[in-house]
Every structure is written in C-alpha cells, then in structure tokens.
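# Got a predicted structure here, sequence first:
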Amino acid sequence: MAEIKIEQFPCRQDNFGVLVHDAKTGVTASIDAPEEAPIVQALERMGWGLNHIFVTHHHLDHVEAIPALKERYGANVFGPASEAAKIPGIDETVSDGDHFHFGSLRVEVIETPGHTLGHVCYYMPEASVLFAADTLFALGCGRVFEGTPEQMHASLQRLAVLPDDTIVYCGHEYTAANAAFAVTVDPQNAVLERRAEEVARLRDAGMATLPTTIGVEKATNPFLRPSDQAIRTHLGMPDASDAEVFAEIRRRKDSF
Ligand code: ZN
Ligand code: FE
C-alpha cells in the first residue's frame with residue numbers, strides 16, 4: 001500500500017493548492033503553483049520541503065508561483081512539453097504516455113487537450129489518485145479555451161475509464177455553480193440531486209467539496225454522461241453523437 005499523504009488548501013480566489021507527500025521517501029510535490037504564501041504555509045504546517053512541482057498547463061493561476069517556489073526550495077519543475085515555452089522555470093518536459101517516479105510511486109502522464117492544447121493530468125495508479133486540474137471538475141469540466149469540444153470530450157473519456165475508486169483532485173472549487181447547472185440538463189438524476197444537496201451543505205459549512213472520485217463523477221457529472229438517454233431526451237438529441245451532446249452541454253454551460 002502506498003504511503004501517500006495529500007494536503008489540499010485554498011489559493012487565490014477559487015483555486016486549490018495540492019501537496020503530495022510520499023511518506024516512504026519523504027519527497028513532496030506541489031500540483032501546480034497557484035500562489036506562493038498558502039503553499040509555503042501548508043509546507044511549513046506539514047513539516048515538508050518541496051522537491052517537485054507538477055505543472056498541468058500554462059495558465060497564470062497555475063504557474064505564477066513557480067519562480068518564487070523554485071528560488072525558496074530549489075524544486076524541480078515538470079510540465080507539458082508543448083507548453084514549455086509558456087511555463088516559467090520548467091526543468092523536465094512530459095508528454096502523453098510518459099511515466100516517471102516520485103519517491104516510491106509511479107506517476108503517469110495523461111494528455112487532456114481542450115482547456116489548453118497541452119493540458120496534462122498526473123495519475124498515480126498505486127495510490128489511486130488523479131490530479132485533473134482544469135480538465136475535470138466536480139460536476140463540471142474546464143472551459144474549452146484552446147481546443148475543440150470534440151477534443152475535450154475525448155480527453156474526459158480518457159479519465160472516465162480510470163477505476164471508479166480513483167480519487168480526483170481538481171484545480172478549482174467550482175462545484176456549487178456546477179451543481180446548479182448540472183441539474184438543469186440532468187433533472188431526473190437522483191444521485192445528482194443528493195450530491196447537489198451534499199455540496200450545498202459542505203459549502204454552507206465552509207468546507208471543500210473536493211476531492212471527488214471517478215465513480216461519483218460518472219454518476220453525476222453531465223459532461224461525463226453525454227451517452228445517457230435521459231440527458232439526450234431532455235436535450236432533444238436522441239440520435240446525436242456523444243461528442244455532439246457534450247458540445248451542446250458545454251455550450252449551455254458557457255452561457256448559464
Ligand atoms: Zn486553466
Ligand atoms: Fe485554473
């Protein structure tokens with residue numbers, strides 16, 4: 001059993017900071033680098049150094065603190081090869097299908113173009129953990145800024161085939177807004193209804209709604225459910241392709 005510890009905390013307005021620590025070897029990684037101060041505070045609170053930063057994509061709210069964290073800790077920065085020019089301080093480039101070792105754990109790189117063209121997710125199979133950043137959110141998905149809806153749909157489907165018990169950390173706390181939208185496209189989903197109630201309770205208590213799991217998202221997240229008959233009927237798209245239904249759900253969310 002992997003001895004992994006994960007610390008999640010808020011950064012910026014609605015980003016998450018996430019630290020991963022391998023207790024066996026004592027190494028620590030930060031998933032992205034949204035903001036220096038909360039990351040430093042979390043490292044000090046946990047008594048951890050910072051060995052690596054695993055960058056998912058080039059957006060400022062994921063890379064801004066890289067130079068400061070490198071300077072302070074000498075952390076080694078991994079990031080997507082195709083976005084390397086936009087990621088300050090990048091040391092090692094990764095591409096789809098690559099794997100590398102973090103302490104005693106294997107990390108697999110899954111390219112998920114859509115939100116940005118080079119966005120990668122980091123998957124640790126022995127720990128059953130996925131760091132999905134701005135590709136998959138609880139009850140939602142990232143906006144399709146650089147890719148096409150077809151690409152984003154294919155990227156999400158690659159994540160959906162991971163085991164149901166995979167724990168998913170995401171880049172942002174958007175779940176309450178995502179829930180409000182999700183029930184408008186999947187109004188008869190009782191599992192979604194219960195999840196939306198749980199999300200409201202957690203937010204009222206000032207608590208994070210993340211992490212989630214692949215199984216929960218497959219049952220509740222409309223962006224992973226374009227093949228669902230009830231959603232298709234509700235959207236009046238019984239014969240469309242899954243990618244077309246996904247694109248329609250994304251289009252509706254963009255103007256929700
Ligand atoms: Zn982003
Ligand atoms: Fe972001």
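Arrived safely, thanks for sending. Numbering: from 1, shown residues only. Ligands and ions are numbered 1, 2, ... in the order given.
# which parts of this protein sit against ligand 1?
59, 134 (CB under 5 Å from the ion). Glycine gets a C-beta too; all of them are placed from N, C-alpha and C.
# at 8 Å instead, please
Residues of the chain that fall close to ligand 1, judged by CB under 8 Å from the ion: 57, 59, 61, 62, 115, 116, 119, 133, 134, 142, 145, 171.
# and the last one, how many neighbours?
Under the neighbour criterion other CB atoms under 10 Å, residue 171 is assigned a count of 28.
# Now do the contacts for it.
15, 16, 32, 56, 61, 62, 132, 133, 134, 137, 142 (CB atoms under 8 Å, 6 or more residues apart in numbering).
# Quick one: list the elements packing against the longest helix seen in the chain.
Determined from DSSP state H, the single longest helix within the chain is helix 190-204. Applying 3 or more CB pairs under 8 Å, 6 or more residues apart in numbering; DSSP states H and E, one finds that helix 190-204 contacts helix 175-185, helix 214-220.
# Return the list of helices and strands in contact with the shortest one.
With contacts taken as 3+ CB pairs under 8 Å, 6+ apart, helix 214-220 sits against helix 149-160, helix 190-204.
# Output the below-cut-off pLDDT ranges for the stretch 1-150 of the chain.
1-2 (pLDDT under 70).
# Leaving out sequence neighbours, find the closest residue to residue 150.
residue 243 (4.8 Å; CB to CB, 6 or more residues apart in numbering).
# How much space separates that neighbour from ligand 1?
Separation of residue 243 from ligand 1 (CB to the ion, to the nearest Å) stands at 22 Å.
# Around ligand 2, which positions in this protein sit nearby?
So the chain meets ligand 2 at 15, 34, 57, 59, 61, 62, 133, 134, 142, 171, 172 (CB under 8 Å from the ion).
# Which members of the residues you listed define the maximum pairwise distance?
34 and 142 (14.8 Å; CB to CB).
# higher neighbour count, the two?
Taking neighbours as other CB under 10 Å, residue 34 and residue 142 compare with residue 142 leading, 28 against 25.
# For residue 63, list the residues it contacts.
Neighbouring residues of residue 63 by CB under 8 Å, 6+ apart: 32, 33, 55, 86, 87, 88.
# wait, isn't the fifth one in contact with residue 58?
Yes. Applying CB atoms under 8 Å as the test, residue 87 and residue 58 come out as touching, 5.5 Å apart.
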